[in-house]
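> Next comes the sequence, and after it the predicted model I'd like to discuss.
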Amino acid sequence: MKRTPLMISAVMASSLAVMASATTAEAASRPAIAKSILNHRGISLATTHDSGRPDKANAKQNIKDTAAGRKAKRSHYGTAPGGSVTLNKTMLNSMLKLNTAKRFTFRVTEVAGGSHSRGSKHYAGRAFDVGTVNGKRVSTSGAGYNNAKKFMRACRSYGAVLVLGPGDSGHSTHVHCQW
Ligand SMILES: [Zn+2]
């Protein structure tokens, strides 16, 4: 098929539009996204671990450090390797949009901290856990189950490559979204 100048400009316009939207999505810096997460009351960030081990690797401190332009700390107990990691920007953007666009209120229980399975993507700064969605604790039945399933679908819609929750081994009380 022969392309007319009009068709070529239409193709250019559509590729420019794609470029523009990609630029917009990446425009906010990692610290700016983290600050926004801290400022949205619908996103609650845990200051402790389920293990009860206090450290500077809890979810709130991970996001505070990121907001300050620092790496997020990992725990160093169980299989956790210690040290620190840069949080994945798509994960941070998705966490924010789950509240601002998808209108979920939720509690993040872990980001880079805590002890998970060996080699967990939490340690790579690419996963977060959620224990409560829209005021209901994640569970295997009732609203806690239904809300968790909706939240899991929303994570997938933002490109999460691994999403686990009620029905998956070890995830009856929390949702894991990983990029
Ligand atoms: Zn997890």
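Looks like it came in fine.

> Which secondary structure state does the residue of the chain found nearest the ion sit in?
Across the chain, no residue is closer to the ion than His176, which sits at 3.4 Å (Cβ to the ion). (C-beta placed from N, C-alpha, C; glycine too.) Under DSSP: H, G, I helix; E, B strand; the rest coil, the three-state class of His176 is strand.

> For it, give the beta-bridge partners.
Asp129, Leu164 (DSSP bridges).

> what sits against it?
The contact partners of His176, taken as Cβ atoms under 8 Å, 6 or more residues apart in numbering, are 127-129, 162-165.

> most neighbours, which of those residues?
Greatest neighbour count in the contacts of His176, by other Cβ atoms under 10 Å, goes to Phe128: 32 neighbours.

> what's the nearest residue to that one once chain neighbours are set aside in contact with, if anything?
Distances taken as Cβ to Cβ, 6 or more residues apart in numbering put Val111 closest to Phe128, at 4.8 Å, once the chain neighbours are dropped. Val111 sits next to 59, 62-63, 72, 87, 122, 125, 127-129 when contact means Cβ under 8 Å, 6+ apart.

> pLDDT wise, what is Val111 at?
With respect to pLDDT, Val111 has a value of 98.

> Number of residues surrounding Ser139?
Under the neighbour criterion other Cβ under 10 Å, Ser139 is assigned a count of 16.

> Find the residue closest to it in space, skipping its chain neighbours.
That would be Tyr145: by Cβ to Cβ, 6+ apart, it lies 5.8 Å from Ser139.

> can you pull the contacts of the residue nearest to Ala72 when sequence neighbours are not counted?
Ranked by Cβ to Cβ, 6+ apart and with sequence neighbours excluded, the top spatial neighbour of Ala72 is Asn62, at 3.9 Å. Asn62 makes contacts with 72-73, 87, 111-113, as judged by Cβ under 8 Å, 6+ apart.

> Now secondary structure and distance to Leu96 too, for those residues, in a markdown table please.
Converted to a markdown table, the contacts of Asn62 look like this (DSSP: H, G, I helix; E, B strand; the rest coil; distance: Cβ to Cβ, whole Å):
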| residue | secondary structure | distance to Leu96 |
| --- | --- | --- |
| Ala72 | strand | 16 |
| Lys73 | strand | 21 |
| Leu87 | coil | 12 |
| Val111 | coil | 13 |
| Ala112 | coil | 17 |
| Gly113 | coil | 19 |
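
> Cool, thanks, signing off.
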